[in-house]
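*Asks:* sequence isn't available, so here's the structure alone:
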């Protein structure tokens, strides 16, 4: 089996911590701004940030025509659809549980890679996948859901759809041919991602209702510059370099961190069941990396 790049594993840990913290911070920002406009502003900040970074390190260039499918697929599925759907779902569900659903990508990745990309996971990766799925189910705790609440059901469906969009973008980043590096493309992918979200926000909510405050500004700065800008660049690099199953199970660390940070900052409760699920996710990742 091909050895996993240790630098990519280090980057994976950093990115998952940043994204895990993003969910409770995002939740705070949504108290002051609608999901559509919050997403549009966040993506706008991220686009400007990464265009500026590429220009500052002399990596800014017009995209190659051959990279347009990669730019549009990642820009629409990973950036536009995923973030917008995740923020809509986050409006209805707690931050920790929302992150679990949004990063349930292993549920989609394994069957897709087996059917369409001829990947042949080892026994350890199968075991890691099963542990990861068990962790998702335990963390989600569907038996505790209020299924009579239409908002809860809508939130679950929207977040599962966001997870599917993320899976599609991961597969595109992994299996499409790159003619330029991620830092050269991420600004253009963010630009493609922000356009439909901005159009949606302007149509669905022509008059923006915002309660400007320090928590909202700090939330937008963190999710716009650090999460959508810098760490999305890191996430795209991970999707490009690591096997899809490894990356998808690695990103399951995001809801684990999200639950920890949500308990710390939003007073969401951590139970023994939650700790058991976190153990399943971590063990699953260890098996996948063998």
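*Replies:* Great, that's in hand. Quantities reported herein were computed from a predicted structural model and do not represent experimental measurements.
*Asks:* so where is the stretch 51-200 of the chain shaky, pLDDT-wise?
*Replies:* 96, 117-119, 121 (pLDDT under 70).
*Asks:* mind listing the helices for it?
*Replies:* Using DSSP state H, counting those that start in this stretch, the helices of the stretch 51-200 of the chain run over 68-73, 82-92, 95-102, 106-116, 123-140, 150-175, 182-204.
*Asks:* just give me the neighbour total for residue 272.
*Replies:* Neighbourhood size, residue 272 [other C-beta atoms under 10 Å]: 7. All C-beta atoms are positioned from the backbone trio N, CA, C, and that covers glycine.
*Asks:* er, residue 142 actually
*Replies:* Residue 142 - counted by other C-beta under 10 Å - has 9 other residues nearby.
*Asks:* same deal with residue 249?
*Replies:* That count, for residue 249 with other C-beta under 10 Å as the rule, works out to 29.
*Asks:* which secondary structure elements does the host helix or strand of it sit against?
*Replies:* Residue 249 belongs to helix 244-250 when assigned by DSSP states H and E. With contacts defined as 3 or more C-beta pairs under 8 Å, 6 or more residues apart in numbering; DSSP states H and E, helix 244-250 has these neighbours: helix 6-29, helix 106-116, helix 123-140, helix 150-175, helix 232-241, helix 272-288.
*Asks:* so which of those is the most packed in?
*Replies:* helix 232-241 (a mean of 23; mean count of other C-beta atoms under 10 Å).
*Asks:* got the angle for that helix vs helix 150-175?
*Replies:* Interaxial angle of helix 232-241 relative to helix 150-175 (axes from the mean of the first three to the mean of the last three C-alpha atoms, to 10 degrees): 60 degrees.
*Asks:* ok now helix 232-241, how far from the chain's centre?
*Replies:* In terms of C-alpha atoms, centre = their mean, to the nearest Å, the centre of helix 232-241 is found 11 Å from the chain centre.
*Asks:* go on, stretch 25-38?
*Replies:* 16 Å.
*Asks:* any idea which of the helices and strands packed on helix 244-250 gets closest to residue 261?
*Replies:* Proximity to residue 261 (C-beta to C-beta) singles out helix 6-29 among the helices and strands packed on helix 244-250, at 5.1 Å.
*Asks:* what's that closest one packed up against?
*Replies:* Secondary elements touching helix 6-29 (3+ C-beta pairs under 8 Å, 6+ apart): helix 82-92, helix 95-102, helix 214-221, helix 232-241, helix 244-250, helix 253-265.
*Asks:* just the buried residues of the last one, please?
*Replies:* Counting neighbours by 16 or more other C-beta atoms under 10 Å, one finds that the buried residues in helix 253-265 are 253-263.
*Asks:* number of residues surrounding residue 247?
*Replies:* Neighbours of residue 247 (other C-beta under 10 Å): 23.
*Asks:* show me what contacts it?
*Replies:* Counting by C-beta atoms under 8 Å, 6 or more residues apart in numbering, residue 247 touches 12, 170, 174, 238-239.
*Asks:* widest-spaced pair of those residues?
*Replies:* So for the contacts of residue 247, where distance means C-beta to C-beta, the most widely separated pair is 12 and 174, at 14.2 Å.
*Asks:* picking up where we left off before, which one of the helices and strands packed on helix 6-29 lies nearest to residue 155?
*Replies:* helix 82-92 (3.2 Å).
*Asks:* how far away is the residue lying farthest from the centre of the chain from residue 40?
*Replies:* The outermost residue of the chain, judged against the average C-alpha position, is residue 207 (28.4 Å), by C-alpha atoms, centre = their mean. When distance is defined by C-beta to C-beta, to the nearest Å, residue 207 is 14 Å away from residue 40.
*Asks:* please apply the same query to residue 285.
*Replies:* Taking C-beta to C-beta, one finds residue 285 at 34 Å from residue 40.
*Asks:* then residue 264?
*Replies:* Residue 264 is 29 Å from residue 40, by C-beta to C-beta.
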